[in-house]
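J.: what would the 3D arrangement of this be:
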Amino acid sequence: MKKCGVIVVLCVLILINDVVARMTEKQLQAAVKLVRNMCTGKTKATTDDIDKMHKGDWEVDHNAMCYMWCSLNMYKLMDKNNRFDRKSADAQLAQLPESMQKYVNKCIGQCENAATHFDDKCYAAWEYSKCMYFCDPEKYFLP
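T.: Got it, this is the predicted structure:
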């Protein structure tokens with residue numbers, strides 16, 4: 001009987017380990033707000049430039065580009081060589097609300113090689129973010 005109990009406990013632990021904790025839409029909005037607040041202060045990006053990007057106008061100054069680097073860096077989406085970190089993105093994809101899975105997966109695939117200016121981390125992040133926006137502007141959710 002003890003062996004049966006141990007086996008049941010092990011099976012439950014394995015199942016719990018395989019369950020992915022997804023964020024709710026509300027939790028995602030709170031995370032985006034937190035990153036936005038932190039990165040705005042760190043980079044001195046203006047609210048006007050951030051809002052412009054969310055409206056599809058990507059003609060912004062370098063501070064706003066650095067704001068995008070800060071955001072992607074906080075989400076661990078860029079590696080030390082200023083390239084998109086697909087492995088980290090895939091790991092985080094499972095944590096997003098289910099309603100966003102398809103969009104994010106499609107746009108990651110479309111944009112993971114969007115950057116061309118790796119010598120400037122801010123510019124590279126801006127290129128990735130711009131691509132994510134134009135992949136599907138209605139669903140864009142980066143800070």
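J.: any idea how far Met132 is from the residue nearest the centre of the chain?
T.: The residue lying closest to the centre of the chain (Cα atoms, centre = their mean) is Tyr75, at 5.1 Å. Distance, Tyr75 to Met132, by Cβ to Cβ, to the nearest Å: 11 Å. C-beta here means a position set from N, CA and C on the backbone, and glycine is covered the same way.
J.: also Asn113?
T.: Asn113 is 13 Å from Met132, by Cβ to Cβ.
J.: for the chain, which helix is longest?
T.: helix 25-43 (DSSP state H).
J.: all the helices of the protein, in order from the start?
T.: Under DSSP H, the chain gives helices at 2-18, 25-43, 47-54, 62-74, 86-93, 98-111, 121-135.
J.: can you put those helices in a markdown table and add distance to Phe141?
T.: Converted to a markdown table, the helices of the chain look like this (distance: least, Cβ to Cβ, whole Å):
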| stretch | distance to Phe141 |
| --- | --- |
| helix 2-18 | 27 |
| helix 25-43 | 6 |
| helix 47-54 | 10 |
| helix 62-74 | 11 |
| helix 86-93 | 13 |
| helix 98-111 | 7 |
| helix 121-135 | 9 |
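J.: in TSV: these, plus distance to Lys80, mean neighbour count and mean pLDDT.
T.: Shown next, in TSV, are the helices of the chain (distance: least, Cβ to Cβ, whole Å; neighbours: other Cβ atoms under 10 Å; pLDDT from 0 to 100):
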stretch	distance to Lys80	mean neighbour count	mean pLDDT
helix 2-18	30	9	39
helix 25-43	18	15	90
helix 47-54	25	15	95
helix 62-74	10	22	96
helix 86-93	12	14	89
helix 98-111	19	15	90
helix 121-135	9	21	96
